[in-house]
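Visitor: take this sequence and fold it.
(3 chains)
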Amino acid sequence: MELMLKGFGEVVKTVTLRVRRYDPEKKELPKYMEYKVPVQRGMTVLDGILYIKEHIDPSLAARYSCRMGICGSCAMIINNRERLACQTQILDLGKDLIKVDPMGNYDLVKDLVPDLTKLFRNHESIKPYIIRQEEKVTGEFLQLPEERELYSMFTECIMCGACLSACPTMATDELYLGPQALAQSFRYIADSRDIGFNERLNLLDSKHGVWRCHFAGACSDVCPKGIDPALAIQLLKGMLAKNVFVKYQQKPAKIGPDRKSILETAQS
Amino acid sequence: MKESKIMLIQYITGIFILVLGALHFLAISALAPTSDKVLYQYANNSTSTHTLTGGTLYYTTVTTIYHTLFWGSIFELLLTFLVFHIFNGFRIILSEQFPGDRSEKAITYIMLVAGLIIFIWGSKTVVTMLLGGGL
Amino acid sequence: MAIENKKGWIFWFNPLKYSSDKWLYALHRLTGIALGLYLMAHVFETSRILDGPITWNSTMVFLDWPFGVHFGPYILSGILLAATFHALNGLRLTITESGLLMPKPYRIEYPYKAKSLRGWNMVLKILLGIFMIIISIFGIVYIFTGVIL
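Guide: Modelled structure (predicted):
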């Protein structure tokens, strides 16, 4: 135990954080500012940014919340690659100069804060909910564990938006749906309880839908939660290509017994 | 046309181009109607001004290839597939650079016209040669 | 006021810090544009055959020795390499993008390694490299010496 705590809290070395600053109130283009940050063992880039905020320059703006890689607020470009600032150890990067940029392909609000409106609008547009024909649902939809395996990985998305920033199509095409929305649409189409393939088809098959993905794999590469959006998009393409010849069929999952009948059987 | 159909044609033409393009390379190399398969054969005495005396790209060799119905039809098919594949590719690249309804419509029409021009121009060469053109 | 922060088209051709698929994407796009422009030049160049043997032969000599420099074989090799790469990578994309040889959605495990970029896709990438080397050796030797191996 003592061995593990040895060196904890000690300043190991000093690194330079080169942060891109942009102030919307001043009519200036974004510029880089350098800050010297003493690094302790276990210090993340987000900790470094907070150190700057507390000790050097309080005007630095960054978005963060949970500090443990769950909320997906602090995605930024660290040393030219999209990462969650709260999950990136400064010592792991192994560099004395760390370049911190706000995520690209989004509008920039201030310093390191991107405007994620596009991400949420795109996510909303693919109808991220289960679509059913029944007007009134009495019981739960039944699903086997194997059926859940087919989409469970995509439910892990924390919507940090790193994939949209890494996507080369997104770099120019602002109308593109983006890896996040496409992976989520696969998540709902592959869900055995859902029958909304045809409702989502028009959007997915549009000029800025799945076919604008050229499988650069950058989204899967940078995803901080290990989700594979590129896989979802390729599987969607396969579905859409087959749909040209044979119409894609979705069988809605059966509905289980309603609460009242469960209670009655339990009582009897 | 739906984007998925266009992209399916893009993939299928791509595979055909791979086969026909390989044949096209072979037509002027391994399968060329010459004894020596070298691309250029120059006259030995000339040093400053080059005069072509043979090779697979020599005029008579190339006209012989063009006059064969087999190669003529392969070139024509290859041209058709290539024009679609290339100008659809350009359309995709340009519409990713300039997204928007109006700009994409303009890009589509420009690519259609440019593709037609290249297609007609190339077909003119292949068809006139196939009908016994050339000197 | 928020400003636009798009990475721009230059990012298409910037594969640094990303996986090998991004390299192939950048090269595929680059070779695609180059080959598309080459087709237009090629259609113009081959149409010269209608003008008779003198024009054709002098065009061919000009293409082999542009401005008195023996540069033709290098151009041809470049076209061959670009076409081979575009064809083989296009074949790989046709297979993977139609969902074939892609893994089934799997359970995420640390350390996060995207399986769509590995597995069969990696096999295809290695095959692409092997075929690239074989074809370019055969092609470049032929272009420079006229010997068919």
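Visitor: buried residues in stretch C:65-73, which are they?
Guide: C:65, C:72-73 (16 or more other Cβ atoms under 10 Å in any protein chain shown). Glycine gets a C-beta too; all of them are placed from N, C-alpha and C.
Visitor: same question for stretch A:229-248.
Guide: A:229-241, A:243.
Visitor: which of those fall in helices?
Guide: With helices defined by DSSP state H, the entries of these inside them are A:229-241, A:243.
Visitor: would you turn those into JSON lines with distance to chain C?
Guide: Supplementary listing: these in JSON lines, determined by distance: Cβ to the nearest Cβ, whole Å:
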{"residue": "A:Pro229", "distance to chain C": "9"}
{"residue": "A:Ala230", "distance to chain C": "5"}
{"residue": "A:Leu231", "distance to chain C": "4"}
{"residue": "A:Ala232", "distance to chain C": "7"}
{"residue": "A:Ile233", "distance to chain C": "9"}
{"residue": "A:Gln234", "distance to chain C": "5"}
{"residue": "A:Leu235", "distance to chain C": "5"}
{"residue": "A:Leu236", "distance to chain C": "8"}
{"residue": "A:Lys237", "distance to chain C": "5"}
{"residue": "A:Gly238", "distance to chain C": "2"}
{"residue": "A:Met239", "distance to chain C": "7"}
{"residue": "A:Leu240", "distance to chain C": "10"}
{"residue": "A:Ala241", "distance to chain C": "5"}
{"residue": "A:Asn243", "distance to chain C": "12"}
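Visitor: so for stretch A:89-103, what's the average pLDDT?
Guide: Taken as a whole, stretch A:89-103 carries a mean pLDDT of 93.
Visitor: tell me who's in contact with the residue nearest to A:Lys99 when sequence neighbours are not counted.
Guide: Using Cβ to Cβ, 6 or more residues apart in numbering or on different chains and skipping the chain neighbours, the partner closest in space to A:Lys99 is A:Arg18 (4.9 Å). By Cβ atoms under 8 Å, 6 or more residues apart in numbering or on different chains, the residues touching A:Arg18 are A:32-34, A:97-100.
Visitor: now swap in C:Lys113 and tell me
Guide: Going by Cβ under 8 Å, 6+ apart, C:Lys113 touches A:Gly226.
Visitor: would you list the phi and psi of it?
Guide: When read as degrees, to the nearest 10, the backbone of C:Lys113 gives phi -130, psi 120.
Visitor: who touches whichever strand or helix holds B:His24?
Guide: Using DSSP states H and E, B:His24 sits in helix B:3-27. Applying Cβ under 8 Å, 6+ apart, the contact partners of helix B:3-27 are A:205-207, A:209, A:211, A:237, A:240-241, A:243-244, B:65, B:71, B:74-75, B:77-78, B:81-82, B:84-85, B:88-89, C:80, C:83, C:87, C:90-91, C:94, C:97-98, C:139.
Visitor: do stretch A:200-212 as well
Guide: Contacts to stretch A:200-212, defined as Cβ under 8 Å, 6+ apart, come from residues A:125-127, A:169, A:173, A:175-177, A:182, A:185, A:188-189, A:233, A:236-237, A:240, A:243, B:2-4, B:6-7, B:92, B:95-96, B:99, B:104.
Visitor: then stretch A:73-82?
Guide: Contacts for stretch A:73-82 (Cβ under 8 Å, 6+ apart): A:45-46, A:62-67, A:83-86, A:88, A:93, A:95, A:98-104, A:112, A:160-163, A:165-166, A:222, A:224, C:16-18.
Visitor: what about burial for those, which qualify?
Guide: Buried, going by 16+ other Cβ under 10 Å: A:45-46, A:62-64, A:67, A:83-86, A:88, A:93, A:98-104, A:112, A:160-163, A:165-166, A:222, A:224, C:18, out of the contacts of stretch A:73-82.
Visitor: so which of those are in strands?
Guide: Among those, the subset assigned to strands under DSSP state E consists of A:83-84, A:98-101.
Visitor: quick check: the farthest pair among those residues?
Guide: Greatest spatial distance among those (Cβ to Cβ): A:Leu84 and A:Lys99, at 16.0 Å.
Visitor: mind listing the helices for chain A?
Guide: Under the criterion DSSP H, chain A carries helices at the ranges A:2-5, A:45-51, A:90-93, A:117-125, A:145-149, A:162-166, A:179-189, A:197-204, A:218-222, A:229-245, A:259-267.
Visitor: any chance of those helices in JSON lines, plus distance to C:Met102?
Guide: Formatted as JSON lines, the helices of chain A follow (distance: least, Cβ to Cβ, whole Å):
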{"stretch": "helix A:2-5", "distance to C:Met102": "42"}
{"stretch": "helix A:45-51", "distance to C:Met102": "33"}
{"stretch": "helix A:90-93", "distance to C:Met102": "31"}
{"stretch": "helix A:117-125", "distance to C:Met102": "23"}
{"stretch": "helix A:145-149", "distance to C:Met102": "15"}
{"stretch": "helix A:162-166", "distance to C:Met102": "18"}
{"stretch": "helix A:179-189", "distance to C:Met102": "12"}
{"stretch": "helix A:197-204", "distance to C:Met102": "17"}
{"stretch": "helix A:218-222", "distance to C:Met102": "12"}
{"stretch": "helix A:229-245", "distance to C:Met102": "5"}
{"stretch": "helix A:259-267", "distance to C:Met102": "40"}
